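Visitor: just coords:
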């Protein structure tokens with residue numbers, strides 16, 4: 001069971017010359033779901049990014065295409081799980097076509113916990129982030 005799911009519609013501007021979703025849009029869909037999930041868990045990202053003691057930038061992304069999406073398709077983007085590292089964490093996603101639940105993409109983003117002032121990694125992911133994101137070891 002996923003931690004968070006969001007429904008959205010594939011927009012015209014998401015489509016490439018082949019008539020399917022442009023690959024980078026899959027990562028955009030996932031990052032939008034991550035942002036919504038963080039906010040629902042009580043992590044105010046805009047305030048945290050602007051004034052917090054630490055930041056959580058992306059340091060790695062990957063996505064695997066599984067099937068095409070077209071303009072007008074309704075999709076479900078799921079935050080499947082979050083896995084804690086020492087000073088980073090990985091967020092795993094899936095993107096399904098809502099009509100038939102066919103898997104169209106799997107993705108992962110890795111976020112590092114770093115000091116805002118020194119830009120060096122923290123010794124550990126902040127406990128409030130671990131708790132909010134229901135991280136697995």
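Guide: Arrived safely. A quick note: this is a predicted structure, and the numbers were derived from the prediction, not measured.

Visitor: all strands for the chain, in order.
Guide: Taking DSSP state E, the strands of the chain run over residues 4-9, 54-55, 58-65, 74-84, 88-97, 103-112, 114-115.

Visitor: now this protein, which segments are flagged as low pLDDT?
Guide: 135-137 (pLDDT under 70).

Visitor: tell me the most buried of the strands of the chain?
Guide: Of all the strands of the chain, strand 88-97 has the most neighbours on average by mean count of other Cβ atoms under 10 Å, namely a mean of 21. Where you see a C-beta, it was placed from the backbone N, CA and C, and this is true even at glycine.

Visitor: that older thread, can you add distance to residue 126 and give the strands of the chain back as a markdown table?
Guide: Converted to a markdown table, these look like this (distance: least, Cβ to Cβ, whole Å):
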| stretch | distance to residue 126 |
| --- | --- |
| strand 4-9 | 20 |
| strand 54-55 | 6 |
| strand 58-65 | 16 |
| strand 74-84 | 11 |
| strand 88-97 | 10 |
| strand 103-112 | 11 |
| strand 114-115 | 11 |
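
Visitor: relative to residue 132, which of those is closest?
Guide: strand 74-84 (9.4 Å; Cβ to Cβ).

Visitor: other SSEs contacting that closest one?
Guide: Secondary-structure packing of strand 74-84 (3 or more Cβ pairs under 8 Å, 6 or more residues apart in numbering; DSSP states H and E): strand 4-9, helix 23-40, strand 88-97.

Visitor: the shortest one pairs with which strands?
Guide: Read it as strand 4-9. Sheet partners assigned to strand 4-9 using DSSP bridges are listed as strand 74-84 (antiparallel).

Visitor: which residues are contacting the strand it pairs with?
Guide: Outside strand 74-84, the residues that touch it by Cβ atoms under 8 Å, 6 or more residues apart in numbering are 2-10, 29-30, 32-34, 37, 69, 89-99, 101, 104, 125, 130, 133-137.
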